[in-house]
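>>> A structural model of the following input is requested.
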Amino acid sequence: MSASPRIVILGAGFAALTAARELRRRLPAAEITLVAPKAEFVYYPSLIWVPTGIRKAADLVLPLDKFLIHHRLDFKAGRVTGLAEGGRRVLTRQGEVENDALVIASGGRFIKKLPGIEHALTLCEGVEAAEAIRLRLEAMDSGRIALGFGGNPNEPSAMRGGPMFELLFGIDTWLRRQGRRDRVQLTFFNAATQPGKRLGEKAVTGLLAEMARRRIDTHLGHKPLAFSENGVDTEGGHVNADLILFMPGMTGPAWAADSGLPLSPGGFIQGDEFCRVPGSERVFVAGDAGSFPGPDWMPKQAHMADLQAKAVAENLVLALRGRPPVVKPKVELICIVDTVDAGILVYRDMKRSLLFPSLGVFHWAKRWFESHYLKAFRA
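From the prediction side, this is the model:
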């Protein structure tokens, strides 16, 4: 392999940028190119604060100009449509990009197949969705808000429930501060009787207890069937709602079917324990685009994406040198379920599952981490 290998990274999110930073540190002479629709980074964990006014969309969308210069990265604006030659050529609407090694970190997408899904707003679709929720909340003087999340029937772990718990508790706190909570009712709905089970049994008990303490209604154990202007239809009946906030289950990128790579039952690009794509030479996957071996609670979360990206960087360097991979990403879940004025800290790894009660310090810890993480893009 050349002393200046051509490495292409698909994406501009947590996994992609961590992989780029780690690869540049290990391979000073490599040609590293990021391929993404825009040269910007969106800090998704803080979208929960946009509807309640703690953050504006502009606070969370950062241009990558300085990051690209600092790490000597090339950038190609493009939307991926597929791969060719086992991943050696990336196909985009704007042309092809060749590589000697490929990192797929382009994220997943939401499954939006339920009838009437257009009547629901999905927070993690981006800043525009978060701003739309904020405007609806500000205009709402009375009524009912229904909040919930779904999964992927072919890959149950492919869900993102944490932000919906945060949005639920954050809206409750905000409405109380506004003096409107007695006029705006909240209902949390989910197909599971114990939503959020991936966080651990203690976390589920704690979250349900917090809902009860805040007088939040629940509609649990009933699969959602459809949405409408009037609310949510489930197998257990109808939930009236003037505003529906719903996080669908996730699947892999739309172009995965045309990639020629192995896919998981849920439509994600298959990765092994070293984040390699089986049957492909020097092709790796990290973050929400991939499906990995491990416990069923393995999170689709920014922190896990960073851990996978670091393992990818080390194993890719070994692959370029003709050596087998040795690094497995640590499986770890760290989540602060924020409530605007406090937070519930949940931690889980292969040995333990911990829940720390709601404390104000956890809210400020979450805000500090946001500031610390974004320094790399603002410096």
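
>>> distance check, the spatially most central residue of the chain against I7.
Nearest to the geometric centre of the chain sits Q301, at 5.0 Å (CA atoms, centre = their mean). Taking CB to CB, to the nearest Å as the measure, Q301 falls 25 Å from I7. The C-beta positions use only the backbone N, C-alpha and C, and glycine is treated the same way.

>>> now do P153
36 Å.

>>> pick out whichever of the two has more residues nearby.
I7 (26 against 13; other CB atoms under 10 Å).

>>> now do the end-to-end distance for stretch 209-219.
14 Å (CA to CA, to the nearest Å).

>>> mind listing what's buried in it?
Residues of stretch 209-219 classed as buried: E210, M211, I216, T218, H219 (neighbour count, 16 or more other CB atoms under 10 Å).

>>> show residues contacting that stretch.
146, 168-169, 172, 185-190, 208, 232, 234, 236-237, 239, 339, 344, 358 (CB atoms under 8 Å, 6 or more residues apart in numbering).

>>> average pLDDT across stretch 99-108?
Across stretch 99-108, the average pLDDT comes to 97.

>>> where do the helices sit along the stretch 1-150 of the chain?
With DSSP state H, counting those that start in this stretch applied, the stretch 1-150 of the chain shows helices at 14-26, 57-60, 65-70, 127-138, listed in chain order.

>>> CA atoms of the third one as CSV?
Same thing as helix 65-70. The C-alpha trace of helix 65-70 is given here as CSV (Å, rounded to 0.1, in the frame of the first residue of the first chain):
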residue,chain,number,x,y,z
ASP,A,65,-14.2,24.8,7.6
LYS,A,66,-11.9,25.1,10.5
PHE,A,67,-12.0,21.4,11.4
LEU,A,68,-11.2,20.5,7.8
ILE,A,69,-8.2,22.8,7.7
HIS,A,70,-6.9,21.9,11.1
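
>>> how is this protein divided into domains?
6-108+252-320, 112-250 (automatic domain parsing).

>>> so of those domains, which one's packed in deepest?
Highest mean neighbour count among these (mean count of other CB atoms under 10 Å): domain 6-108+252-320, with a mean of 20.

>>> can you give me the first-to-last residue distance of that domain?
10 Å.

>>> all further residue positions should be reported with the first residue as 229.
Sure, I'll start counting at 229 from here, so that last one is domain 234-336+480-548.

>>> from the chain's centroid, how far away is that domain?
13 Å (CA atoms, centre = their mean, to the nearest Å).

>>> show me the shaky parts of the stretch 279-428 of the chain.
The stretch 279-428 of the chain contains no residues with pLDDT under 70.

>>> what about the strands in it?
289-291, 302-305, 308-312, 317-320, 323-326, 329-332, 337-338, 348-349, 371-377, 412-418 (DSSP state E, counting those that start in this stretch).
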